[in-house]
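>>> I would like the atomic coordinates for the input below:
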Amino acid sequence: MTMFQNLHRSMTASQTLKVQCDVCRHLGAFSAAEAKKVFGSDATPMEIRRRVTCKVCRAAGRARIWI
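Numbers count the residues shown, from 1 in each chain. Below is the predicted model of the structure:
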């Protein structure tokens with residue numbers, strides 16, 4: 001069985017999920033607790049990219065994410 005990366009497996013309580021818009025380069029961040037609350041602890045990187053919308057230019061699904 002393959003284990004996919006998700007927020008629960010990837011983030012410790014002290015880490016931050018960073019999100020950068022590919023269109024306008026706006027940078028945002030979520031604490032581990034915020035990210036798990038907003039996206040769910042089982043969210044994969046692809047799911048997060050698909051769901052995120054830039055607060056500045058409103059581009060949807062166009063983001064880079066990293067921890």
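>>> for Ala33, which non-adjacent residue is spatially closest?
Leaving aside its sequence neighbours, Ala33 sits nearest to Ala13 (C-beta to C-beta, 6 or more residues apart in numbering; 7.2 Å). In this view, the C-beta of every residue, glycine as well, is placed from N, C-alpha and C.
>>> what about the strands in this protein?
Using DSSP state E, the strands of the chain run over 16-21, 27-31, 63-66.
>>> residues contacting the residue most central in space within the chain?
Geometric centre of the chain, nearest residue: Ile48, 4.7 Å, by C-alpha atoms, centre = their mean. Residues near Ile48 by C-beta atoms under 8 Å, 6 or more residues apart in numbering: Leu7, Leu17, Val19, Ala35, Phe39, Ile65.
>>> would you mind putting those into JSON lines with neighbour count, distance to His26 and pLDDT alongside?
As requested, the contacts of Ile48 are exported to JSON lines (neighbours: other C-beta atoms under 10 Å; distance: C-beta to C-beta, whole Å; pLDDT from 0 to 100):
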{"residue": "Leu7", "neighbour count": "23", "distance to His26": "21", "pLDDT": "93"}
{"residue": "Leu17", "neighbour count": "23", "distance to His26": "15", "pLDDT": "96"}
{"residue": "Val19", "neighbour count": "20", "distance to His26": "9", "pLDDT": "97"}
{"residue": "Ala35", "neighbour count": "23", "distance to His26": "17", "pLDDT": "96"}
{"residue": "Phe39", "neighbour count": "19", "distance to His26": "18", "pLDDT": "96"}
{"residue": "Ile65", "neighbour count": "17", "distance to His26": "13", "pLDDT": "95"}
